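In: Kindly return the folded structure for what I paste below:
(3 chains)
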Amino acid sequence: MTIQRFGTTQRYSDAVVHQGTAYIVEVPSNPDEDITAQTKNLLDSTERLLKQAGSDKTRLLQVTLYLADMNDYDAMNAVWDNWLVAGTAPVRACVQARLANPKYKIEIVLVAAV
Amino acid sequence: MTIQRFGTTQRYSDAVVHQGTAYIVEVPSNPDEDITAQTKNLLDSTERLLKQAGSDKTRLLQVTLYLADMNDYDAMNAVWDNWLVAGTAPVRACVQARLANPKYKIEIVLVAAV
Amino acid sequence: MTIQRFGTTQRYSDAVVHQGTAYIVEVPSNPDEDITAQTKNLLDSTERLLKQAGSDKTRLLQVTLYLADMNDYDAMNAVWDNWLVAGTAPVRACVQARLANPKYKIEIVLVAAV
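Out: Numbers count the residues shown, from 1 in each chain, chains lettered A, B, ... in the order given. Coordinates of the predicted model:
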């Protein structure tokens, strides 16, 4: 089976598609802003990556959200709950973890159906 | 391909099935109890979700276990090792992470074959 | 569909294959060495597991890297970037987390195409 890759560097790809399943990892591109702005930015770019991969946000299967600070949980969820289309929520784990860039407040890992 | 969802709220689903693969995330429903009780509770409800999704605990592929405190590792494993059917163990990562509810001692993410 | 398992113990398998997708979790077998040596060891054994599972390092889909100390990020990446074959990078998340063995500096979770 063919593997399709998007945004590929020597270290990582932004999205990879195989056998009808898309894998995406995204970080915010506005790391100086607050959790609300970073989450909006992250979900916006995730949406673009999903489209590029032939999927969309109504076809999410599994999501892992890493928060640099669990105190941001409610603010993140306010953006998340509003972003998701009713009836299409994926399974979701959300845990606190130190991220590679100390300014990142959130990082997302997604598996979606193409 | 159709996506099947179980226990869907605005924020997350308990289980999602796509193309013969089931994705599940579960937390304990007895957060005031100790690690042994929380792990038993978690694996019991996981087993129900697996059945609902058309799978069972002998068809696990990949598991991530988040422990709020790695000192609970041995107590968690005692329950886990006893729960698994010999010869059917999935790949498994177990790391410490702060969880959304400070009373949760464990959270599980599973991928299983339907 | 058949599930193939490799290196199966009562607690975990080293690799599981289902429907053209391989799942692998690996830890270093040289936990007394530094991050560079542990990462090399980890990626070497990952490569062996991938072959055993009918895949190889050019067919990675999704990777999660757990570092016990994010200060090891650059040293880990030096090994990672050199190990990957240009143009084949998977999506990749890298977060800090306390690992089961306090001597482990890195743990890897992979999904690969068979």
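
In: ok, the lengthiest helix in chain A near chain B or not?
Out: In chain A, assigned by DSSP state H, the helix with the most residues is helix A:35-52. No. Helix A:35-52 is not in contact with chain B by CB under 8 Å from any CB of the partner chain; minimum separation 13.4 Å. C-betas here are computed from N, CA, C, even on glycine.

In: Chain neighbours aside, what residue packs nearest to A:R92?
Out: Closest residue to A:R92 apart from its sequence neighbours, by CB to CB, 6 or more residues apart in numbering or on different chains: B:Y12 at 4.0 Å.

In: Show me which residues of chain A sit near chain C.
Out: Near chain C, when you scan chain A using CB under 8 Å from any CB, you find A:1, A:3, A:5, A:8-16, A:18-19, A:21, A:23-25, A:64, A:66, A:97-100, A:107, A:109, A:111.

In: In strands, which of those residues appear?
Out: A:3, A:5, A:15-16, A:18, A:21, A:23-25, A:64, A:66, A:98-99, A:107, A:109, A:111 (DSSP state E).

In: Pull out the buried members of those residues.
Out: A:3, A:5, A:15-16, A:18, A:21, A:23-25, A:64, A:66, A:99, A:107, A:109, A:111 (16 or more other CB atoms under 10 Å in any protein chain shown).

In: is it true that A:R11 touches C:N77?
Out: Yes. Counting by CB atoms under 8 Å, A:R11 touches C:N77, with 6.6 Å between them.

In: what about these two, which has more around it?
Out: Using other CB atoms under 10 Å in any protein chain shown, the more surrounded residue of A:R11 and C:N77 is C:N77, with 16 against 13.

In: number of nearby residues for the nearest residue to A:P28 once chain neighbours are set aside?
Out: Excluding its sequence neighbours, the residue lying closest to A:P28 (CB to CB, 6+ apart) is A:Q38, at 3.9 Å. By the measure other CB under 10 Å, the count of residues near A:Q38 is 26.

In: Check the spacing between A:Q38 and B:L61 real quick.
Out: 32 Å (CB to CB, to the nearest Å).

In: cool, A:N41 as well?
Out: 33 Å.

In: So the two - more neighbours on which side?
Out: B:L61 (24 against 19).
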